[in-house]
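1. Here's a sequence, model it:
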Amino acid sequence: MKNFNNKTILITGGTGSFGESLLNKYARKNIFREIRILSRDEKKQDDLRKKFINSKIKFFIGDVRDKDSLDLATKNCNFIFHAAALKQVPSCEFFPLEAVKTNIIGSNNLLDVAIKNNVKKVIMLSTDKAVYPINVMGLSKSLMEKNLIAKSRFLNNNDTKLCATRYGNIIASRGSVVPLFTKQILNDEYVTLTDPYMTRFLMDVDEAIELVLYAFNNGEQGDVFVRKAPACTMINLVHALEKITNKKAKIKIVGTRHGEKTHETLVSQEEMRSAIESKNFFRIRPDTRDLNYSKYFSKGKKYKKLESYNSNNTKIMNISEIASKLKTARLSRDLFNV
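-> Purely as a prediction, here's the structure:
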């Protein structure tokens, strides 16, 4: 964290799971000169203000769709973590242009003002749904990534550095099924499963923060970082919750929702060609060629066939492993009083 000493950071969408968890982890450690939270939710801002009572935390009411509010929040700012997004998959299916306005135009607004105001580095938070996207949320996040990479081509390492991270489901965050399934089991309601054998990556919010900080410390222009993560089937997630709550679940199969995939992918087959793999992470380097393909085509390169990194070929956790992860994850511990 030495790179943050006496620096000002901005977290867009900072009243969400990521922003609040980052504040829980670092707000009281007196590292930053200032932590700025930009969001549209004045109630959650007030809740955080009362929770932390810290003069170094500054709150900005604003919207990434509005460049003026971003301009104010990014003045004299060193680093930005961009978490603001529309990310509820069915909602984006029904209101696709709203996802475009926030996830594509809003993120572009942020990049423009960050570059204009000489912010040192921007880390954008993306999603596994951006890879082989079939829903509006994934499509809009994929275009957010593509736009970041395109802008990075025109910047050098002395300019604002633009990087992104991708991760899957954060346990018990907003939109997670874990609180819903837990409530349904405890209240003897039917657990509404869409597809029992659907797989999803499982990650604690602290692991997501670690990924973002890894990208911050190691990222160069246009890099996309992925943290390796285990996955589970939805039916085994329910069985793990049965084990934790010591209650039998009544299961109702309701079928897949709008825009839902059976398995999620964090690194595509094509990206694996340029991905640099380490113990816990993938670093996907941007394609830095220009549009003069003729000078590259004659020097074509044959690639061996690689497999994508997805929730069906990563480590699939058994019921005991899922239960252990749920009981230790920061956002789900309170659900089980552990």
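2. The stretch 51-200 of the chain: strands as residue ranges?
-> According to DSSP state E, counting those that start in this stretch, the stretch 51-200 of the chain carries its strands in the segments 57-61, 79-82, 121-127, 161-167, 169-170, 190-193, 199-203.
3. where's the first one relative to the chain centroid, distance-wise?
-> In terms of C-alpha atoms, centre = their mean, to the nearest Å, the centre of strand 57-61 is set 21 Å apart from its chain centre.
4. Next: the last one.
-> Averaging C-alpha positions (C-alpha atoms, centre = their mean) puts strand 199-203 13 Å from its chain's average.
5. moving C-terminal of it, what's the next helix or strand?
-> Downstream of strand 199-203, the first helix or strand assigned by DSSP states H and E is helix 205-218.
6. Go ahead and name everything in contact with stretch 246-253.
-> Stretch 246-253 has contacts (C-beta atoms under 8 Å, 6 or more residues apart in numbering) with 181, 184-186, 188-196, 235, 238-239, 241-242. No exception for glycine: its C-beta is placed from N, CA and C like everyone else's.
7. The chain: helices as residue ranges?
-> Listed in chain order, the helices found in the chain under DSSP state H are 17-26, 42-52, 67-74, 89-94, 96-99, 107-116, 136-152, 177-186, 205-218, 234-245, 294-297, 319-328, 333-336.
8. which of the ones you listed has the lowest average pLDDT?
-> Comparing mean pLDDT across those, the weakest is helix 294-297, with a mean of 63.
9. sorry, back to before: can you put the helices of the chain in JSON lines and add mean neighbour count?
-> Output for the helices of the chain, formatted as JSON lines (neighbours: other C-beta atoms under 10 Å):
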{"stretch": "helix 17-26", "mean neighbour count": "20"}
{"stretch": "helix 42-52", "mean neighbour count": "14"}
{"stretch": "helix 67-74", "mean neighbour count": "19"}
{"stretch": "helix 89-94", "mean neighbour count": "18"}
{"stretch": "helix 96-99", "mean neighbour count": "17"}
{"stretch": "helix 107-116", "mean neighbour count": "21"}
{"stretch": "helix 136-152", "mean neighbour count": "22"}
{"stretch": "helix 177-186", "mean neighbour count": "18"}
{"stretch": "helix 205-218", "mean neighbour count": "19"}
{"stretch": "helix 234-245", "mean neighbour count": "20"}
{"stretch": "helix 294-297", "mean neighbour count": "9"}
{"stretch": "helix 319-328", "mean neighbour count": "18"}
{"stretch": "helix 333-336", "mean neighbour count": "15"}
